[in-house]
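A.B. asks: Sequence first, then the predicted structure, then my questions.
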Amino acid sequence: MNSKEFRQYAHQMVDWMADYFEQIEDYPVKAQVEPKEIYNQLPEQAPLKGEEMSVIFKDFQDIILPGITHWQHPSFFAYFPANTSFPSILGEMLTATLGTQCMIWDTSPAAAELEERVMNWLRDLMGIPSFFDGVIQDTASTATLTAILSAREKATNFDSNQNGITQNNFRVYCSTETHSSIEKAVKIAGLGKNNLVKIPVDAQLRMQADALENAIQDDLKNGYRPICIVAAIGTTGTTAIDPLKEITTISQKFNIWLHVDAAYAGSALLLPEFQWMIEGIELVDSFVFNPHKWLLTNFDCSVYFIKDKESLLKTFEVLPEYLKTASRGIVNDYRDWGVPLGRRFRALKLWFVLRNYGVEGLQKQLRAHISLAQALTRWIQTSPDFELLAPTTLNLVCFRYHPKSIQEEERLNVINKKILDQLNKNGRMYLTHTKINKKYTLRIVVGQTFVEAQHVQSAWEQIQEIARKGA
Ligand SMILES: *Cc1c(COP(=O)(O)O)cnc(C)c1O
């Protein structure tokens, strides 16, 4: 393909992209395909000779698109969103065009310096103290792994990098509600799943700080070494907010690294009315949140803030001859700030989003989502045969169908699962579930970029109709 053809196809595809967003509601939200349906339509071998772009693009439309779940559909209420926006997509187009590999400052000074500036912007906007530094990671899973490795190194005075773990008696703590990425990180860090201690939660599914302190005391008595606590600001199941202030008292008392997983809810810190969620932040060691979930920046883009940059660098720095540069020490070489060497230019799309929306634009969008979720919460609370199963802290609503005539929990679980399956099968909306105290719970997250009141209203109507008809 030459640049003339590139120009022609690029124009054509940008037109397709704009059409896609204009017509997105014509697609079923969740892909309506059977396992292997897409795979079997693809040839067994790669083409020997180059193919025409028009043919490839046609296959994209005919074969690939039917197997796509439309995360940007305004009736996507499942999991947490991975929302995007027009400025983000434009930034991503330029990132792909430049094709820079931003491992160190020298390999694209603007990428490193833009990242530094945008991280500081976000840090200040979110009420995180200025002695924190920020870096963009691919995902929250990677950021949490980074935190646990740094905690391990700091606890061993950077000896476990050198000699490996010689005596494995480390302990990591999180609540029973925290995300699976904590367990994964503990396993990868060589600490062993059995050394991840899950602390019980209260009725609102927040970590019980006194239970945490007891667990640490017991472990110390039994010869364990507590090295890290992970507090959740917005759990995945219900966006429960762990009591950070109380947890910082414990982490300080026992000198334990405190990492905050705010992967989803962190975006809400742009709103002054949610600053209460991070009371005590100055005593935290590290913090992660994902602009690629709720901050209109397309996947992937995860922000990791760290208080003691030196311990991060000491954990990850390796300096082969071919990476030595004259600028070392004066600028940020982000390859030392996490696991991968190579890095995409992710700051660009975030910069586009922050500038094109402006802080006020982002705040407006977040508040709109929160208020739509609050409206849905009120409808559920005042409905005779539905019930709310967790408080709506932000924009995630947890509920179930529960007509008065049915009391057996097992039957309610079966009925609610059936409702979920039917809703997702008709393709007009997509929602997912969790379990709260063994109760099968329907989850609706109102966080898609294009979601409006009409979509939430229509979802609520469909839910009532299907529940009352089918169950
Ligand atoms: C989504 C989520 C994660 C994982 O995020 P990735 O970026 O996909 O790794 C971790 N923690 C919480 C609370 C989440 O909601």
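C.D. replies: In hand now; what should we look at?
A.B. asks: Kindly report the residues of this protein close to the ligand.
C.D. replies: Counting by CB under 6 Å from any ligand atom, the residues of the chain close to the ligand are 80, 139-141, 179, 181, 232, 234-236, 261, 263-264, 290, 302. In short, each C-beta sits where N, CA and C put it, glycine included.
A.B. asks: Pull out the CA atoms of stretch 452-464 and give them to me as PDB.
C.D. replies: Output in PDB follows, covering the C-alpha atoms of stretch 452-464 (Å, rounded to 0.1, in the frame of the first residue of the first chain):
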ATOM      1  CA  GLU A 452     -28.700   9.000  28.300                       C
ATOM      2  CA  ALA A 453     -31.800   9.000  30.400                       C
ATOM      3  CA  GLN A 454     -33.800   7.200  27.700                       C
ATOM      4  CA  HIS A 455     -31.400   4.200  27.700                       C
ATOM      5  CA  VAL A 456     -31.700   3.800  31.400                       C
ATOM      6  CA  GLN A 457     -35.500   4.200  31.300                       C
ATOM      7  CA  SER A 458     -35.800   1.700  28.500                       C
ATOM      8  CA  ALA A 459     -33.500  -0.800  30.300                       C
ATOM      9  CA  TRP A 460     -35.600  -0.500  33.400                       C
ATOM     10  CA  GLU A 461     -38.800  -1.100  31.400                       C
ATOM     11  CA  GLN A 462     -37.300  -4.200  29.700                       C
ATOM     12  CA  ILE A 463     -36.100  -5.600  33.000                       C
ATOM     13  CA  GLN A 464     -39.600  -5.300  34.700                       C
END
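A.B. asks: Can you get me the centre-to-centre distance for it and its chain?
C.D. replies: Here stretch 452-464 is found 25 Å from its chain centre; the criterion is CA atoms, centre = their mean, to the nearest Å.
A.B. asks: List the buried residues for it?
C.D. replies: 455-456, 459-460, 462-464 (16 or more other CB atoms under 10 Å).
A.B. asks: what does stretch 90-104 give?
C.D. replies: 90-93, 95, 102-104.
A.B. asks: and if you look at stretch 281-289?
C.D. replies: Result for stretch 281-289 [16+ other CB under 10 Å]: buried residues 281, 284-289.
A.B. asks: how about those, which pair is most distant?
C.D. replies: Spatial extent of these (CB to CB) is set by the pair D285 and F289 at 15.1 Å.
A.B. asks: rewinding a little: any idea which of the buried residues of stretch 90-104 is the one closest to the ligand?
C.D. replies: Nearest to the ligand out of the buried residues of stretch 90-104 is E92 (CB to the nearest ligand atom; 16.8 Å).
A.B. asks: Can you tell me the element the closest one falls in?
C.D. replies: Per DSSP states H and E, E92 falls inside helix 86-98.
A.B. asks: export that helix as CSV, just CAs?
C.D. replies: Extracted in CSV, the C-alpha atoms of helix 86-98 (Å, rounded to 0.1, in the frame of the first residue of the first chain):
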residue,chain,number,x,y,z
PHE,A,86,-13.9,11.0,19.9
PRO,A,87,-10.8,12.9,21.1
SER,A,88,-9.4,9.7,22.5
ILE,A,89,-9.9,7.9,19.2
LEU,A,90,-8.2,10.8,17.4
GLY,A,91,-5.2,10.6,19.8
GLU,A,92,-5.0,6.9,19.3
MET,A,93,-4.9,7.3,15.5
LEU,A,94,-1.9,9.6,15.9
THR,A,95,-0.2,7.3,18.3
ALA,A,96,-0.5,4.4,15.8
THR,A,97,0.7,6.7,13.0
LEU,A,98,3.8,7.9,14.9
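A.B. asks: Can you flag which of the residues of the chain next to the ligand belong to strands?
C.D. replies: 232, 261, 302 (DSSP state E).
A.B. asks: Pipe these into TSV and attach neighbour count and pLDDT per row.
C.D. replies: Output for these, formatted as TSV (neighbours: other CB atoms under 10 Å; pLDDT from 0 to 100):
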residue	neighbour count	pLDDT
A232	28	98
D261	29	98
S302	26	98
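A.B. asks: can you pull out the helices in the stretch 351-471 of the chain?
C.D. replies: Assigned by DSSP state H, counting those that start in this stretch, the helices in the stretch 351-471 of the chain fall at 409-425, 453-470.
A.B. asks: The stretch 51-200 of the chain now?
C.D. replies: Using DSSP H, counting those that start in this stretch, helices in the stretch 51-200 of the chain cover 53-59, 86-98, 109-125, 140-155, 160-163, 180-188.
A.B. asks: and among the ones you listed, the most buried is which?
C.D. replies: helix 140-155 (a mean of 24; mean count of other CB atoms under 10 Å).
A.B. asks: which helices and strands does that one pack with?
C.D. replies: helix 160-163, strand 170-175, helix 180-188, strand 225-232, strand 257-261, strand 286-289, strand 302-306, helix 309-316 (3 or more CB pairs under 8 Å, 6 or more residues apart in numbering; DSSP states H and E).
A.B. asks: CA atoms only for it - export them in PDB, please.
C.D. replies: Output in PDB follows, covering the C-alpha atoms of helix 140-155 (Å, rounded to 0.1, in the frame of the first residue of the first chain):
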ATOM      1  CA  ALA A 140      -4.500  -2.000  36.800                       C
ATOM      2  CA  SER A 141      -3.300  -5.600  37.000                       C
ATOM      3  CA  THR A 142       0.200  -4.600  36.000                       C
ATOM      4  CA  ALA A 143       0.200  -1.600  38.300                       C
ATOM      5  CA  THR A 144      -0.900  -3.800  41.300                       C
ATOM      6  CA  LEU A 145       1.900  -6.300  40.400                       C
ATOM      7  CA  THR A 146       4.300  -3.400  40.300                       C
ATOM      8  CA  ALA A 147       3.200  -2.300  43.800                       C
ATOM      9  CA  ILE A 148       3.500  -5.800  45.300                       C
ATOM     10  CA  LEU A 149       6.900  -6.300  43.800                       C
ATOM     11  CA  SER A 150       8.000  -2.900  45.200                       C
ATOM     12  CA  ALA A 151       6.600  -3.700  48.600                       C
ATOM     13  CA  ARG A 152       8.500  -7.100  48.600                       C
ATOM     14  CA  GLU A 153      11.700  -5.400  47.600                       C
ATOM     15  CA  LYS A 154      11.400  -2.600  50.200                       C
ATOM     16  CA  ALA A 155      10.600  -5.100  52.900                       C
END
